[in-house]
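1. Need the 3D shape of this:
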Amino acid sequence: MAKSKLQTISGHRLPTPRVTLTAVGLAVAWIGLPILLIGGLLDLFMQLAFGICTGLWCLAP
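-> Numbers count the residues shown, from 1 in each chain. Purely as a prediction, here's the structure:
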């Protein structure tokens, strides 16, 4: 990120923008969970259609 000028409001310095724990959680929820869901559904389809288990649960005894 490029450095911007120091911003002040009524003489108070504003904190610089930063990545927060909430932002990381939202990124996981909006990006990671749909990818896992689509992958799981594709694995389920492969197992039902062709009888080939390709998911991680196939490794369980």
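2. Now do the strands in this protein.
-> Assignment of strands within the chain using DSSP state E yields the ranges 8-9, 12-13.
3. Dump those to TSV, plus distance to Leu56 and mean neighbour count.
-> For glycine as for every other residue, the C-beta is placed from the backbone atoms N, C-alpha and C. Converted to TSV, the strands of the chain look like this (distance: least, CB to CB, whole Å; neighbours: other CB atoms under 10 Å):
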stretch	distance to Leu56	mean neighbour count
strand 8-9	51	8
strand 12-13	49	8
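4. mean pLDDT for those: which is lowest?
-> Lowest mean pLDDT within the strands of the chain: strand 8-9, at a mean of 80.
5. neighbours around Lys5, how many?
-> 5 (other CB atoms under 10 Å).
6. Which positions within the longest helix anywhere in the chain qualify as buried?
-> Longest helix of the chain, by residue count under DSSP state H: helix 33-50. Buried residues in helix 33-50, counted by 16 or more other CB atoms under 10 Å: Asp43.
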